[in-house]
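Participant: just coords:
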C-alpha cells in the first residue's frame, strides 16, 4: 500500500497506458470493456486520493520525480490544487462514460473491433491525465499527441453511423497537429532562451535572468520570448477551440460516437484550457503575459466573440449534437474570459467552470446519445414529444440545459456568479454584460429544444421509443445529480477552485 | 544578404514550415494536405536540431584527453527522436483515415467531398 501511495502521481498515468496496450492485445469478447472500466475506476480512486492529499498538505504541492532524477534534469510530475482538480474531472468523466459506453458503443462499432475502441479510450485518458499532471513542457507535448492521436481515431470510428465522421476526423487531425506543432515551436524558443524544459525552472530562469534586463537599455531575448509565447498561445487556442480557431470542433463532436462526443466535450477542450492557464500563470507568468504583452485584450475579444457567436450559431442548428457543439464553443469562451480577467474571482470562475461544464455537457451529450441509440440520429424534429417516452434521459437533458443557462441551484449558476463578480471587479462591465447576454442566448437555444420535448406532438407514425438501458441511464443521472449538488452546495468545489486560483496568482497566504 | 547567410538554418526551417502551411491551407487533395502537415512538422524538427549546435562544438561524447572540449547540445536531438515518432504516427493515422474516405466517398478531393456532403442530408 505504501508503495502505491508513494507512486500515485506516476501510477495514474502509467496504469491506463499499460492497460490500454493490454486491452488491445487480450481485450476480445467483451473483456475490453471490463478492463477499461476497472482501470478507469482505479484512476478515479487515485485522482480522488491525490486531490485529498494535496489539499491537506501544507505546501499544496506534491512533487514526484520520475526515476528519482531531480528537476530540471529529469521529468517531474507536480500535483497542485489546480491540476488535481482537473485530474478529478477527467477521471470522473472517463469513469462514468466508460459505463455508458458499454451499450452505446456496442451499437455503433463492429463487435470484433470493440477491444481496439477501449484501448484507444484508455490511451486518450492516459494522454489527458498526463498532460494535466506533468511538470515538463516537452513531456506535455508528447502526452498531448498521445491523447490527440487517439481522439482523431475515436472520432473517425463514428463512420459506421455517418461517413462524415471521417472528414471531421481528418480536418481535426490536420488542425490539431498544426496546433500541437505551434506549441512545440513555442517550447523551442523558450528552450533557446532558458536551456530548460521544466516548467517551474523555465519560469525561474525567465524571472531571474531575462525579465529584469527588459527594464534596462539592453533588453535580452525580448523578441524570442514573445515569439515563443505567441506560438504557444496560438497552438493552444487551436487545441481548445477558442474562437476563431474552432473550425474543427462542431463536426468532430457531431459525428463522433456518442460516448466519444461526451468525452471530447467534457475533457479534451477542458484540458486544453488547463494547459493555457498553466502556460500563462505558471510558465511565463502574468506579469509577462498580461503586463508586458496585454494578451488579455486579445483573449477577451476572442472570448466575447466565442460566447456570442457560439451561442448564436447554436440557436440555428437543427442537429442537436451540433447545437451542443456550438454551445461548447460558447462555454469555452466563458472559461477563457475567466482567466483573462486576471483576478481571483475570474480565475476561480474558469476553474470551477471547467468542472461544472464538464458535468453538464457530459450529461447532455449522454442524454442525446440515448436518442441516437434508439433512432440513429438526434435532430430537433426527432425529439418532438419525447418527454413521455424517454422521461429520464429527457429530464437529464433539461436539467443539463438549465445548467448551461446558469439557473440558480445548478452548477452553471455558481460559475457565472464568480465570472460576473470577477468581470465587475476588473471593471470590465461590457464583459459582464456579454456573459449575461450569452446566458440569454443559452436560454433561447435550450428552451427551443425543451419546448419540442415536452410540448411538441409526436407524429402519429413515429416509432415508439423505449427508455435507455440502465447502464446508460445511471452515468448521466449521476453526472446531472452531481451538477445540481454542486449548484446547491458549492463549498467543496469553490474551496478547491479558489485555493488553486489564489496559488496561481500568488496571493495565497 | 548577410542576414540570410548568418541565419541560414532559420531560413531553411521558416521556408519549410511556410511551404507546409501553405499546402495545408491551399491544397484540396487530402494526401497533399497530410504531406504538407508533415512538411510543417519537419520544419519544426530542423529548427530544434539546429538550435542544438554550439559554435565550435564537437559530438557530445566525453573526450577525457581534452578537458577543454566544447560539445554540442544533444538534448534537442533526443527530443526530436520522440517528435519524429509522433510525426510518423500522425501521418499514418491521417493516411488510414484518407483510405477510409476514399472507400466511402470514392474521392480524396475536398471539393468533391463537400459537394457530395451538400447533396445528401445530414
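Facilitator: Done, it's in. Nothing here was measured: the structure is a model prediction, and the numbers come from that model. Numbers count the residues shown, from 1 in each chain, chains lettered A, B, ... in the order given.
Participant: show me the shaky parts of the chain.
Facilitator: You didn't pick a chain, so chain A it is. A:509 (pLDDT under 70).
Participant: ah, I was thinking of chain B
Facilitator: Using pLDDT under 70, chain B drops low at B:121-122.
Participant: in it, where's the longest helix?
Facilitator: Taking residue count as the measure and DSSP state H as the definition, the longest helix of chain B comes out as helix B:75-105.
Participant: how far off centre is whichever strand or helix holds residue A:498?
Facilitator: Following DSSP states H and E, the helix or strand that holds residue A:498 is helix A:491-505. In terms of Cα atoms, centre = their mean, to the nearest Å, the centre of helix A:491-505 is set 18 Å apart from its chain centre.
Participant: buried residues of that helix, list them for me.
Facilitator: Of the residues in helix A:491-505, A:493-494, A:496-505 count as buried by neighbour count, 16 or more other Cβ atoms under 10 Å in any protein chain shown. Placement of C-beta: from N, CA and C, glycine included.
Participant: and the longest helix of chain B, how far from the chain's centre?
Facilitator: 10 Å.
Participant: what packs against that helix?
Facilitator: Using 3 or more Cβ pairs under 8 Å, 6 or more residues apart in numbering or on different chains; DSSP states H and E as the contact criterion, the secondary-structure elements in contact with helix B:75-105 are helix A:137-156, helix A:164-194, helix B:30-51, helix B:110-119.
Participant: with distance to residue A:83 and mean neighbour count added, can I get these in a markdown table?
Facilitator: As requested, those are exported to a markdown table (distance: least, Cβ to Cβ, whole Å; neighbours: other Cβ atoms under 10 Å in any protein chain shown):
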| stretch | distance to residue A:83 | mean neighbour count |
| --- | --- | --- |
| helix A:137-156 | 11 | 24 |
| helix A:164-194 | 17 | 24 |
| helix B:30-51 | 26 | 21 |
| helix B:110-119 | 38 | 13 |
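Participant: mind putting those helices into CSV with distance to residue A:291?
Facilitator: What follows is the helices and strands packed on helix B:75-105, written out as CSV (distance: least, Cβ to Cβ, whole Å):
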stretch, distance to residue A:291
helix A:137-156, 22
helix A:164-194, 18
helix B:30-51, 28
helix B:110-119, 43
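Participant: who wins for proximity to residue A:409 among these?
Facilitator: Each of those has some distance to residue A:409 by Cβ to Cβ; the shortest is helix A:137-156, at 33.6 Å.
Participant: next, the angle helix B:75-105 makes with the closest one.
Facilitator: Angular relation of helix A:137-156 and helix B:75-105 on a 0 to 180 degree scale: 10 degrees, by axes from the mean of the first three to the mean of the last three Cα atoms, to 10 degrees.
Participant: tell me what angle helix A:137-156 forms with helix A:164-194.
Facilitator: Orientation check (the same axes, to 10 degrees): helix A:137-156 against helix A:164-194 gives 180 degrees.
Participant: list the contacts for the nearest residue to residue A:81 once chain neighbours are set aside?
Facilitator: In space, residue A:81 comes closest to residue A:500 once its chain neighbours are excluded; the distance is 4.0 Å by Cβ to Cβ, 6 or more residues apart in numbering or on different chains. The neighbours of residue A:500, taking Cβ atoms under 8 Å, 6 or more residues apart in numbering or on different chains as the test, are A:80-82, A:85, A:347-348, A:351.
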